[in-house]
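Give me a 3D structure for the following:
(one chain, ligands or ions: 2)
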Amino acid sequence: MEKLIITVAICGAEVTKDDNPNLPLSALELAEAALEAEKAGAAIIHLHVRDEAGQPTQNIEYFRKAIDAMKEIGVSAIIQPSTGGAAGMSWEERIQPVDFNPEMATLDCGTVNFGDGIFINDLPLMRRFAIKMKERSILPELECFDAGNINNALQLKKEGLLQDHLHFDLVLGVPGALPASVKNLLFMVELLPAGATWTAAGIGRWQLPIAMHTILMGGHVRVGFEDNIYYKKGILATSNAQLVSRIVRIAEETGRYIASPSEARKILNIRKGRE
Ligand code: KMH
Ligand code: ZN
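Ligands and ions are numbered 1, 2, ... in the order given. Below is the predicted model:
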């Protein structure tokens with residue numbers, strides 16, 4: 001099987017330090033968490049940023065600070081800024097980090113309920129994001145929270161708005177979207193087009209079981225505090241790296257070895273690398 005790409009979603013937009021005091025939020029904390037997770041085996045850093053009050057923001061200056069801090073301390077993993085931000089943000093606010101020309105960025109593929117909120121991703125918004133990413137040769141991670149989202153991504157492909165290689169992130173268990181279960185994971189994977197690569201992310205207590213099934217199915221894995229703050233039931237994770245390390249141990253026991261950042265770039269057909 002292909003080597004396993006581990007993505008770490010280090011802070012997200014919703015979790016707070018009250019939920020888990022080990023959550024990284026400042027630029028320096030994000031950089032240190034990214035480096036520690038990379039050393040543990042992560043090849044992709046899925047990045048959200050927060051302002052001084054800990055609120056989610058898509059302001060380019062906060063991304064700049066976090067990414068500069070990461071580079072300064074030697075992070076070489078693929079940095080994948082979020083263009084999802086938080087539910088309720090405008091598309092203009094959300095798209096800002098694309099201006100950095102990152103190697104990857106997320107492209108959310110459909111409107112879903114998101115807890116008590118609505119996460120709006122209509123086709124005109126998706127087209128805008130896809131066009132900008134294609135112009136800049138940024139690989140979109142096609143985030144799908146429900147089965148119909150995959151079809152929306154394929155619609156963009158039909159319209160010529162995506163590059164040849166498609167990479168999906170199947171997010172299972174967002175309250176309001178498709179619940180996490182092995183049956184739903186299999187269902188979504190069967191809908192993917194031939195040749196696509198995919199990552200799966202299970203929310204909350206589903207992070208570990210979805211990851212374990214994904215390892216065996218040949219997909220790639222996302223873990224991290226954005227999706228889950230616990231190590232075990234009732235025990236908070238001490239760091240994102242702790243969650244990554246567990247995936248590395250499990251995967252290697254099954255004979256699935258871990259992709260370095262440069263191997264991940266090759267698997268994902270990322271043209272613009274640092275190497
Ligand atoms: N925070 C969620 C509303 C993404 O990063 O692209 C959206 C999200 C998806 O996290
Ligand atoms: Zn995110």
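
Give the residue spans of the stretch 151-275 of the chain that score low on pLDDT.
Applying pLDDT under 70 to the stretch 151-275 of the chain picks out residues 272-275.

Now the residue of it found nearest ligand 1. Nearest residue, chain neighbours left out?
Residue nearest to ligand 1 within the stretch 151-275 of the chain (Cβ to the nearest ligand atom): Glu226, separated by 6.5 Å. C-beta here means a position set from N, CA and C on the backbone, and glycine is covered the same way. Setting aside the residues directly before and after it, Glu226 is nearest to Gly12 in space (Cβ to Cβ, 6 or more residues apart in numbering), at 2.8 Å.

okay, now that neighbour: neighbour count?
By other Cβ atoms under 10 Å, 21 other residues sit near Gly12.

which of the residues in stretch 40-60 are buried?
Residues of stretch 40-60 classed as buried by neighbour count (16 or more other Cβ atoms under 10 Å): 40-50, 56-58.

mind giving me TSV with these and columns for pLDDT and secondary structure?
Listed next are the buried residues of stretch 40-60 as TSV, based on pLDDT from 0 to 100; DSSP: H, G, I helix; E, B strand; the rest coil:
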residue	pLDDT	secondary structure
Ala40	99	helix
Gly41	98	coil
Ala42	99	coil
Ala43	99	coil
Ile44	99	strand
Ile45	99	strand
His46	99	strand
Leu47	98	strand
His48	99	coil
Val49	98	strand
Arg50	98	strand
Pro56	98	strand
Thr57	98	strand
Gln58	98	coil
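
Tell me the one of those residues nearest Ala153?
His46 (17.5 Å; Cβ to Cβ).

circling back: now do the contacts for the residue of the stretch 151-275 of the chain closest to ligand 1.
Counting by Cβ atoms under 8 Å, 6 or more residues apart in numbering, Glu226 makes contact with 9-15, 46, 48.

so which of these are also by ligand 1?
12-13 (Cβ under 6 Å from any ligand atom).

Let's see which of the contacts of Glu226 end up in strands.
Judged by DSSP state E, the subset of the contacts of Glu226 located in strands is 9, 46.

Now flag whichever of the contacts of Glu226 is closest to ligand 1.
Nearest to ligand 1 among the contacts of Glu226, with distances taken as Cβ to the nearest ligand atom, is Ala13, at 4.0 Å.

Show the pLDDT at that closest one.
pLDDT for Ala13: 98.

and it, what is it in contact with?
For Ala13, the contacting residues are 48, 50, 56, 82, 84-86, 226, by Cβ under 8 Å, 6+ apart.

Max pairwise distance over these: which two?
Arg50 and Gly84 (14.3 Å).

Surely Glu159 is in contact with Arg127?
Yes. Glu159 lies in contact with Arg127 (Cβ atoms under 8 Å); the separation is 7.3 Å.

so is the residue of the chain found nearest ligand 1 in a helix, a strand, or just coil?
Ligand 1 sits closest to Gly84 of the chain, with a gap of 2.5 Å, by Cβ to the nearest ligand atom. Three-state call for Gly84 (DSSP: H, G, I helix; E, B strand; the rest coil): coil.

quick one, what contacts the closest residue in space to Ile203 that isn't next to it in sequence?
Distance criterion Cβ to Cβ, 6+ apart; nearest residue to Ile203, sequence neighbours excluded, is Gly173 at 3.4 Å. Applying Cβ under 8 Å, 6+ apart, we find Gly173 in contact with 179-180, 202-204, 206, 210.

mind running it again at 6 Å?
Going by Cβ atoms under 6 Å, 6 or more residues apart in numbering, Gly173 touches 180, 202-203, 206.
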